[in-house]
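Student: Requesting a structural model of the entry that follows:
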Amino acid sequence: EVQLVESGGALVQAGGSLRLSCAASGFTFDDYAIGWFRQAPGKEREGVSCIASRDGSIYYSDSVKGRFTISTDNAENTVYLQMNSLKTEDTAAYYCVADGLCSVTASLMVDFAYWGQGTPVTVSS
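Tutor: As a prediction, this is how the structure comes out:
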C-alpha cells in the first residue's frame, strides 16, 4: 500500500525558509515519479516540483524556480522540498504526490495517482 505522509508546514515570515518532508512507503523512487503540488485557498492546484523516476530529471514551476529545491533520501525513502526566499503568494497547502507524469521537456507534472494529506504553509508579510 502506497502511503505519503508530509510534515514541516508552518507559519513563516516572508523572506524566510522552510523545509517540507514526505515519508513515502509502499514503493521506491525508482518505481514512480515523486513531487509536490500546492493549493492556495480559492485557487487551482499547482504542480510545484517533481523528480522523474526514469532519469531523475527535475521539474520546477516558474513560480518557484530558483527558490525551491526538491531532493530525496533514498535510504529513508523520503522526499524533501527546501523552500527559500518565501513570498506571501507561496501560502498554500502542500501535497506530496507519487506515480504520475513528470516531464521537464514538456514543463508539466500531471495525473499523479497518490497524494498525501497535505501540510499547511503560511507566509506572513
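
Student: For stretch 22-37, buried residues please.
Tutor: The neighbour-count criterion (16 or more other C-beta atoms under 10 Å) identifies Cys22, Ala23, Ala24, Phe27, Phe29, Tyr32, Ala33, Ile34, Gly35, Trp36, Phe37 as the buried residues of stretch 22-37. Where C-beta positions appear, they are placed from N, C-alpha and C, glycine not excepted.

Student: Return it as CSV; C-alpha atoms alone will do.
Tutor: Output of stretch 22-37 as CSV, limited to C-alpha atoms (Å, rounded to 0.1, in the frame of the first residue of the first chain):
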residue,chain,number,x,y,z
CYS,A,22,7.4,13.5,2.8
ALA,A,23,7.9,10.0,4.2
ALA,A,24,7.0,7.5,1.4
SER,A,25,6.2,3.8,1.8
GLY,A,26,4.9,1.0,-0.4
PHE,A,27,7.2,1.9,-3.3
THR,A,28,10.7,3.2,-4.1
PHE,A,29,11.7,6.3,-6.0
ASP,A,30,12.9,4.0,-8.9
ASP,A,31,9.2,3.0,-9.4
TYR,A,32,7.4,6.2,-9.5
ALA,A,33,7.9,9.9,-10.1
ILE,A,34,7.6,11.9,-6.9
GLY,A,35,6.9,15.5,-6.3
TRP,A,36,4.9,18.3,-4.7
PHE,A,37,1.7,20.1,-5.5
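
Student: looking at the chain, which helix or strand is least sure?
Tutor: One helix or strand of the chain scores below all others by mean pLDDT, DSSP states H and E: strand 108-110, with a mean of 91.

Student: List the pairing partners of that strand within its sheet, with orientation.
Tutor: For strand 108-110, sheet partners with direction are given as strand 101-103 (antiparallel), following DSSP bridges.

Student: average model confidence for the partner strand?
Tutor: Here strand 101-103 scores 94 as its mean pLDDT.

Student: Now do the contacts for Ile34.
Tutor: With contact taken as C-beta atoms under 8 Å, 6 or more residues apart in numbering, Ile34 is in contact with Cys22, Ala24, Cys50, Ile51, Ser53, Thr72, Val79, Cys96, Val97, Ala98.
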